[in-house]
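>>> Here is a sequence together with a model predicted from it:
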Protein chains: 2
Amino acid sequence: MESSPAIETTTPSARQQAVLDAVLGLMVEAGDQLTMDAVARRASCSKETLYKWFRDRDGLLTATVQWQASRVRAGRYEARALDVATLSESLRDFATTWLEVISSSASIALNRIAIGDAGSRKSNLGSIVLANGRFAIGDRLKPLLEAGRAAGLLAFDDSETAFRTFFGLVGRDVQIRLLLGDAIDFDAAEIRRDAASAVEQFLALYGQPQS
Amino acid sequence: MESSPAIETTTPSARQQAVLDAVLGLMVEAGDQLTMDAVARRASCSKETLYKWFRDRDGLLTATVQWQASRVRAGRYEARALDVATLSESLRDFATTWLEVISSSASIALNRIAIGDAGSRKSNLGSIVLANGRFAIGDRLKPLLEAGRAAGLLAFDDSETAFRTFFGLVGRDVQIRLLLGDAIDFDAAEIRRDAASAVEQFLALYGQPQS
DNA sequence: GCCGTACCGTACCGTACGGTTCGGCTCATA
DNA sequence: TATGAGCCGAACCGTACGGTACGGTACGGC
């Protein structure tokens, strides 16, 4: 269960970024009719250019996924002097950010595309999304969990297992419901509430009683 | 957050079931090239028959989803005399069954299809899958939870919230990883282990101390 | 002023696929 | 043995879409 590194590639030029944003916009508004024609029209560029820059449709999608991933990287969580308050605060931030990401229309659209072609063995959008989503989050959260353990605030054997529990408590059924088209009303307040109660539950399971 | 009833329709004839099984097989083996031609070839029937029986491609997919759902309905969990042992045993059964379902290749393929066209507003495979998956499970688990509460074994205000926690603890990152093409080795022993520890955690959060 | 480069817009090609039509086979009923 | 319903297999149609080709324009370097 090694963590895949979040793939990094040469950043696209400004014009190319505009194209990728057009793709994202199109995904969100009409995920089905994501045709090369539509992209070219929306981005005011020619299909020839699309093919020159991104090789083929798959390359365009891959670049889009990576482009979106590159700007989701949220703030880091430095292991400052940890007490139970700052730890749970950091965990809440983490949970909140994660819930905001997975409930954003861009993420939903992107995951739909990636899941769709994970069924066809060609291309590997799925693994890219996984590497930049689930596994990137794990890589960023585990140091915090381990710092919490080092500070005597948490108790667990395997940080991977602890992380997966955290993931489940935070995400619950949200992502699958959104992906399947369920319209959950999920405003910022609701997200904060859910994040807080998930952290509370996580600490109930893994927290070390402070003597 | 009303629970949608699991849609029930007239059961297909034996021949029709064979066709639907062909669709399922095709989904699993090559989810992308799920064409009407391929289905007809695999089921040794004519496209004319497909269109007569199922109206159009969408009707065929809908019937397939419902057909698959109809045979997933696992055993019921009668509220026998509840003590903590039988309750946690029932919960373990539940979790095990659920994990087996979501990790089965049929379920993965089906969810991929449903998610794929949840992006296009036409058709509502997504809601059908939700109704027969996530919500059907909820409807079947909640009575058990409430029986546990009535017996003084569990403590919670809202059975929906308690269920969603259970869902998260059991499923964690499994479904999204499988949908995105991650190859988790998930044998029966692993599933039982995961189910058991999820139930243990759930009881740690919601269990009522037995005096 | 001339040329090469990069790009836009559009027309075009090939193919795949949803859906329709039709000829022919089988079989049950009369 | 005639008839018709039900179905198979194959040919067919229209369209949508990925990918290519090409004419035209703007611009920087010589």
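Everything's here; your move.

>>> Need the residues that contact stretch A:118-138.
A:3-7, A:58, A:61-62, A:65-66, A:69, A:72-73, A:94, A:98, A:101, A:107, A:110-111, A:113-115, A:117, A:160, A:163, A:167, B:30-32, B:109, B:112-113, B:173, B:176-177, B:179-182 (CB atoms under 8 Å, 6 or more residues apart in numbering or on different chains). From N, CA and C alone the C-beta is placed, and that goes for glycine too.

>>> 6 Å instead?
A:3-4, A:6, A:58, A:61, A:65, A:69, A:114, A:117, A:163, B:31-32, B:112, B:173, B:180-182 (CB atoms under 6 Å, 6 or more residues apart in numbering or on different chains).

>>> Which PyMOL command selects the buried ones in these?
This is the PyMOL syntax for the buried subset of the contacts of stretch A:118-138, where burial follows 16 or more other CB atoms under 10 Å in any protein chain shown:
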select buried, (chain A and resi 6+61+65+69+114+117+163) or (chain B and resi 31+112+173+180+181+182)
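
>>> What does the pLDDT read for the closest residue in space to residue A:72 that isn't next to it in sequence?
Distances taken as CB to CB, 6 or more residues apart in numbering or on different chains place residue A:101 nearest to residue A:72, at 6.0 Å, with adjacent residues excluded. Residue A:101 carries a pLDDT value of 94.

>>> With the one 10 residues further on instead?
Residue A:111 carries a pLDDT value of 95.

>>> Double-check the residue nearest to residue A:72 against residue A:111; I have them as touching.
No: the criterion here is CB atoms under 6 Å, and residue A:101 misses it with residue A:111 at 10.3 Å.

>>> These two: which has the busier surroundings?
For residue A:101 versus residue A:111, the count of surrounding residues by other CB atoms under 10 Å in any protein chain shown is larger for residue A:111: 25 against 15.

>>> buried stuff in stretch A:87-105?
A:87-88, A:90-100, A:102-104.

>>> which of those sit farthest apart?
A:87 and A:104 (26.3 Å; CB to CB).

>>> Can you pull out the low-pLDDT segments for chain A?
For chain A, the stretches with pLDDT under 70 are A:1-9, A:74-81, A:211.

>>> At the geometric centre of it, which residue sits there?
Nearest to the mean C-alpha position of chain A, counting by CA atoms, centre = their mean, stands residue A:133 at 3.6 Å.

>>> Distance check, it against residue A:119.
Per CB to CB, to the nearest Å, residue A:133 is found 18 Å from residue A:119.

>>> Let me see the domain layout of chain A.
Per the record, chain A has its domains at A:14-70, A:84-206, by automatic domain parsing.

>>> Many thanks, have a good one.
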